[in-house]
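In: quick check, what structure comes out for this input:
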Amino acid sequence: MITGFNTDIEYQGVTYHVQTEDKGLERPMILSLVYNGGTILASKRASYDDLVKAGFDEKQLEERLNRQHRLICAAIKAGRIDDLKKMSSRETVPARSPEPAMAETVRKAEAVTVRLELPDMPEPPVPHPDTGELSFPIPRPDLGEEFDLDAVMESPVLDIGAISIIEEEPVEEVVLPETAVEIISDMAGKERPVNDKLSIELLGDVKFKGGERRTVTVMVCRGTERKIVPDVQIMVKIIGSSFRPLIFHSATDDNGIASVNLQFPKFRSGRAALLVRASDGGDEVELRRPVELG
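Out: Numbers count the residues shown, from 1 in each chain. Predicted structure coming up:
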């Protein structure tokens, strides 16, 4: 699952950092923050309750996340961030009465058409440490410069068009290259879960074909630390729709490795597969690989 984007945008010698992330199914919301240094300048929140109610399509969520992130980046490229910062220092905009601030924005916004569906969901800013990991808190700015885009742009459907800014020079829509977007792993800043489960892994070539004589080597480990497990019982089975199953047995050595010499039956039709099962006490783990016609 793609959980967010981080992009640095330079405008008039100032580098702004735009962060967009998915808050998760427990709070279905897309949150974008604009930073300058360690200061939050603006924020944008968009709910995706409709996707959750409709059965949740991760691809649609990814498209919305990407679109919102690119929209904020394009606004900075158009110079609108300076206008938002000035507006933030002049007046406090009520969360549910955005019309006066919007009138000012319309007079100064670029010739860009924006269509946003904004929820009424107040949410504190997401911490943004310098390390790029979203799980560590940072102190909120005390300069009073935080500006909430929702407070200015909150409306069921908002269209801004045919308007001018900065000497009435039109600005083309900015399309960011894929290399300018950083995808954050959903495990960033989180401890990986610890377990003691048995696992099995095929070593070497994992493609098999009918009629071949092969030596299959497997390694058996346990837990997240992948500790080797000796004396594990290994059963290898070759099954197919056009021949009788073949079964082989072995056990892992002190290094947790077992090898089995196999002769794959020849077959010209149907399907076949290789099954490898490891048993240690009451734990079992199994993997299977297809066998090609041969």
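In: so what pLDDT did residue 8 get?
Out: As predicted, residue 8 sits at a pLDDT of 91.
In: tell me who's in contact with it.
Out: When contacts are counted by CB atoms under 8 Å, 6 or more residues apart in numbering, residue 8 touches 15, 16, 17, 18. (C-beta placed from N, C-alpha, C; glycine too.)
In: tabulate those (a markdown table), appending pLDDT and secondary structure.
Out: Listed next are those as a markdown table, based on pLDDT from 0 to 100; DSSP: H, G, I helix; E, B strand; the rest coil:
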| residue | pLDDT | secondary structure |
| --- | --- | --- |
| 15 | 90 | strand |
| 16 | 89 | strand |
| 17 | 91 | strand |
| 18 | 91 | strand |
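In: could you flag which of those are buried?
Out: The neighbour-count criterion (16 or more other CB atoms under 10 Å) marks 16, 17, 18 among the contacts of residue 8 as buried.
In: the first one touches residue 79, doesn't it?
Out: It stands for residue 16. No: contact criterion CB atoms under 8 Å: residue 16 and residue 79 do not qualify, at 11.2 Å.
In: per-residue pLDDT of residue 116, please?
Out: Residue 116 is assigned 40 on the pLDDT scale.
In: I meant residue 244, not that one.
Out: On the pLDDT scale, residue 244 gets 91.
In: any idea how far it lies from residue 65?
Out: Going from residue 244 to residue 65 by CB to CB, to the nearest Å gives 52 Å.
In: between the two, who's got more neighbours?
Out: Neighbour tally, residue 244 and residue 65, criterion other CB atoms under 10 Å: the higher count belongs to residue 65, 22 against 8.
In: and the more buried one, what does it touch?
Out: Neighbours of residue 65 in contact, by CB under 8 Å, 6+ apart: 2, 4, 5, 20, 21, 22, 30.
In: closest one of the residues you listed to residue 249?
Out: Closest to residue 249 out of the contacts of residue 65 is residue 2 (44.2 Å), distances taken as CB to CB.
In: my read is that residue 45 contacts residue 29, right?
Out: Yes: with contacts counted by CB under 8 Å, residue 45 reaches residue 29, the gap being 5.7 Å.
In: which of those two has more neighbours?
Out: residue 45 (21 against 17).
In: just confirm the more buried one is within a strand.
Out: Yes: counting by DSSP: H, G, I helix; E, B strand; the rest coil, one finds residue 45 located in a strand.
In: so it bridges to which residues?
Out: Beta-bridge partners of residue 45, counted by DSSP bridges, are residue 31.
In: redo the buried ones among the contacts of residue 8 as JSON lines? Include distance to residue 221.
Out: Converted to JSON lines, the buried ones among the contacts of residue 8 look like this (distance: CB to CB, whole Å):
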{"residue": "16", "distance to residue 221": "46"}
{"residue": "17", "distance to residue 221": "41"}
{"residue": "18", "distance to residue 221": "41"}
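In: tell me where the model's unsure across the stretch 1-150 of the chain.
Out: Filtered on pLDDT under 70, the stretch 1-150 of the chain yields the residue ranges 1-3, 83-150.
In: that one: strands as residue ranges?
Out: 4-11, 14-22, 29-36, 39-47 (DSSP state E, counting those that start in this stretch).
In: ok so, going back, nearest to residue 286 among the contacts of residue 65?
Out: Distances from residue 286 to the contacts of residue 65, taken as CB to CB, are shortest for residue 2 (31.0 Å).
In: give me the buried positions along stretch 36-47.
Out: By neighbour count on 16+ other CB under 10 Å, the buried set for stretch 36-47 is 36, 40, 41, 42, 43, 44, 45, 46, 47.
In: could those go into CSV alongside distance to residue 278?
Out: As requested, those are exported to CSV (distance: CB to CB, whole Å):
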residue, distance to residue 278
36, 55
40, 52
41, 55
42, 54
43, 51
44, 50
45, 48
46, 47
47, 46
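In: would you mind giving the domain segments of this protein?
Out: Structural domains annotated on the chain: 4-183, 198-292, as defined by automatic domain parsing.
In: if we can go back for a sec, mind telling me the two of the buried residues of stretch 36-47 farthest from one another?
Out: Using CB to CB, the pair of the buried residues of stretch 36-47 lying farthest apart is 36 and 47, separated by 26.6 Å.
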